[in-house]
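> I'll drop the sequence and a predicted model, then ask my questions.
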Amino acid sequence: MSSTRHRSTHVVLNQASPRVDVDEYALNPALQEAVAVFSPHARVERFHEIGRHVGTEQYQHDAELANTLTPVHRAHDRWGNRVDEIEFHPAYHRIMEYSVSRGLHTSAWADPGPGANVERAVGFMLVSQIEAGHGCPLSMTHAVVPSLRLSPELAAEWEPALLSTVYDPELRDPATKSGVLFGMAMTEKQGGSDVRANTTTAEPVDDGDCHVLRGHKWFCSAPQSDAFLVLAQAPAGLSCFLVPRVLPGGEQNPFLVQRLKDKLGNKSNASSEVEFDGTLGWMVGEPGRGVRTIIEMVGRTRLDCVLGAAAGMRQGVAEAAWHARHRAAFGATLVDQPAMAAVLADLQLEAEAATWTALRLASAYDDDEFAPYRRLATAVAKYWICKRGPNHAYESLECLGGNGYTESFPLARRYREQPVLAVWEGSGNVIALDVLRAMAREPESVAAFDAELAAQLGGHELYDRHVERVRALIGRAAADPGAAPGIARRLVEAMALAQQGAVLLAHAPAPVAEAFCLARLGDDRSAEYGALPDGVDIDALVARA
């Protein structure tokens, strides 16, 4: 009987090695270049430290655990007492502790000055690139500060712990805590983004700022937080309230979590429905001016949506390029195959445009001179960059083939993650209509936005022609406000592309700006990734991926 040589069937060949132990900041040239422009005196070693930390195998494993062993709501303790606790896996707490310790929630408020919002944005993007869900409580805690400052007594009470870099997830008397986090509860089932349709009521106690709230919130983000900003109908109209989970002295405030939302993605982040029944809240801002009170907060959370979407694009193209550089097919490494190179170049172009735009926006929050610009520009960028995120994630996933479609690789999670950024803080139509509202009510925002575009006229023929189209659409909307909603999406898309073109022409390397004008502003532009027109320097873009 003849013998046969044993051969293993499980020798691993032609697979990319794990993408771990990397410095995500060092590998992201667009982010580094944008920092040099918008915060030239930043301590970049901090970004390298964050980049190395999130690039470790342990951090990536924690991100996986936090999204597979998801939050659990415990309504009652073993004796039947109502506790409404949200239990998280230790991996989530490790991720949160790191981000809070680096000030990625409130550092721009704790240490204000030139570049403060840019530097906070960079750190936020680096951690969000690997684990997106915990960005929600970071973002809300960052965004509540300007609203809270409309009531100086409340701000003085809460700000020291808000600005702290101590992560303390235990729910107890806030006066005993060194660090706190904030959430928000705005929308109701019958209104959604139309918060003026809210029915939650707030009755004053002893004619003071304290009110008793009763009602139901359809979406309450991060219900494990120490306190929340809540919109409710007071005697003077829709008003904003600070609602703590635990009252001064240690008594639990009635904050009844009905259930956690079972979401498409964003699994590490607890989202919930809550009921208020005799719940105490303290008015923030003026009575009847609840929307005005939260407007600055909304702008900042929308900015964080842009940051998160850009970070997701960076993860997508970075993982796709890593795979392509380590995988061969049909006689050549994938990255050297012209069809794959064109896709990678296009994905990188999208990620670069998002990154440059995100940091330009963040810089506008460092200088109130740009307040009119950021009012319009934030909404425009939020609409477009967040809307582009899901398709970018899909195309990046496809670059990995079957591996990309498995939960063992991070792009399946990213594919589910990106849509929430297009929905949170206003989905497409809401944002587009808000742009029209800002244009009509705050004409100075249109002038500031146009000035940003005008500064780059003459830099590229395709850009100049596109700005002409944008101005024509703005004029058309202004001339017929009743018909403007019908072209709102087309208008905002055109504005967003002009916004990205302006920042790239002003600051990005020439091959990137040229590629953007050819691929995104030309008459032959395609919605399909990889269908780049002649003249795009594909090799230069792939080298930056």
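It's in.
> helices of the stretch 351-500 of the chain, start to end?
371-399, 410-423, 428-441, 443-454, 461-479, 488-507 (DSSP state H, counting those that start in this stretch).
> between these, which one is closest to H216.
helix 410-423 (20.2 Å; Cβ to Cβ). Where you see a C-beta, it was placed from the backbone N, CA and C, and this is true even at glycine.
> counting contacts, what elements does that closest one pack onto?
Other helices and strands packing on helix 410-423, by 3 or more Cβ pairs under 8 Å, 6 or more residues apart in numbering; DSSP states H and E, are helix 57-68, helix 290-326, helix 371-399.
> what residues of the second one count as buried?
The reference is to helix 290-326. Across helix 290-326, burial judged by 16 or more other Cβ atoms under 10 Å covers 290-291, 293-294, 296-324.
> try the last one
Residues of helix 371-399 classed as buried: 371-390, 392-397, 399 (neighbour count, 16+ other Cβ under 10 Å).
> make a markdown table from the helices and strands packed on helix 410-423 and add mean pLDDT to it.
Shown next, in a markdown table, are these (pLDDT from 0 to 100):
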| stretch | mean pLDDT |
| --- | --- |
| helix 57-68 | 98 |
| helix 290-326 | 96 |
| helix 371-399 | 97 |
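> dump these to JSON lines, plus distance to L150.
Conversion of these to JSON lines gives the following (distance: least, Cβ to Cβ, whole Å):
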{"stretch": "helix 57-68", "distance to L150": "34"}
{"stretch": "helix 290-326", "distance to L150": "6"}
{"stretch": "helix 371-399", "distance to L150": "16"}
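> for G522, find the nearest of the ones you listed.
Nearest of these (Cβ to Cβ): helix 371-399, 17.4 Å.
> what are the ranges of the strands in the stretch 51-200 of the chain?
72-76, 82-87, 182-185 (DSSP state E, counting those that start in this stretch).
> at which residues are the helices of the stretch 101-250 of the chain located?
Ranges of helices within the stretch 101-250 of the chain are 107-110, 116-130, 135-148, 152-162, based on DSSP H, counting those that start in this stretch.
> for the shortest one, packing partners?
When contacts are defined as 3+ Cβ pairs under 8 Å, 6+ apart, helix 107-110 packs onto helix 116-130, helix 135-148.
> return the most buried member of those.
Highest mean neighbour count among the helices and strands packed on helix 107-110 (mean count of other Cβ atoms under 10 Å): helix 116-130, with a mean of 27.
> so, low pLDDT: which residues of this protein?
For the chain, the stretches with pLDDT under 70 are 1-7.
> for P410, see how far away A448 is.
As for A448, its distance to P410 is 38 Å (criterion: Cβ to Cβ, to the nearest Å).
> same check, this time on A364
31 Å.
> wouldn't L505 be in contact with A515 here?
No: if you go by Cβ atoms under 8 Å, L505 and A515 don't touch, sitting 11.6 Å apart.
> so between these two, which is more surrounded?
A515 (27 against 21; other Cβ atoms under 10 Å).
> next helix or strand past the helix or strand containing that one?
A515 belongs to helix 510-516 when elements are defined using DSSP states H and E. Using DSSP H and E, the helix or strand that follows helix 510-516 in sequence is helix 538-543.
> which helices and strands does that following helix pack with?
helix 338-364, helix 510-516.
> can you rerun that using 7 Å?
helix 338-364 (3 or more Cβ pairs under 7 Å, 6 or more residues apart in numbering; DSSP states H and E).
> just to revisit the earlier point, identify each buried residue in the helix holding A515, please.
For helix 510-516, by 16+ other Cβ under 10 Å, it's P511, V512, A513, E514, A515, F516.
> also stretch 444-464?
445-446, 448-450, 452-453, 456, 459-460, 462-464.
> for R525, see how far away S225 is.
On the measure of Cβ to Cβ, S225 and R525 end up 43 Å apart.
> give me the more crowded residue out of those two.
Between S225 and R525, counted using other Cβ under 10 Å, the more crowded position is S225 (25 against 15).
> quick check: the gap between that one and A513.
42 Å.
> check I50 too.
On the measure of Cβ to Cβ, I50 and A513 end up 28 Å apart.
> T176 now?
From T176 to A513 the distance is 53 Å (Cβ to Cβ).
> kindly report the same for I95.
Separation of I95 from A513 (Cβ to Cβ) stands at 36 Å.
> can you check A66 too?
From A66 across to A513, the span is 38 Å (Cβ to Cβ).
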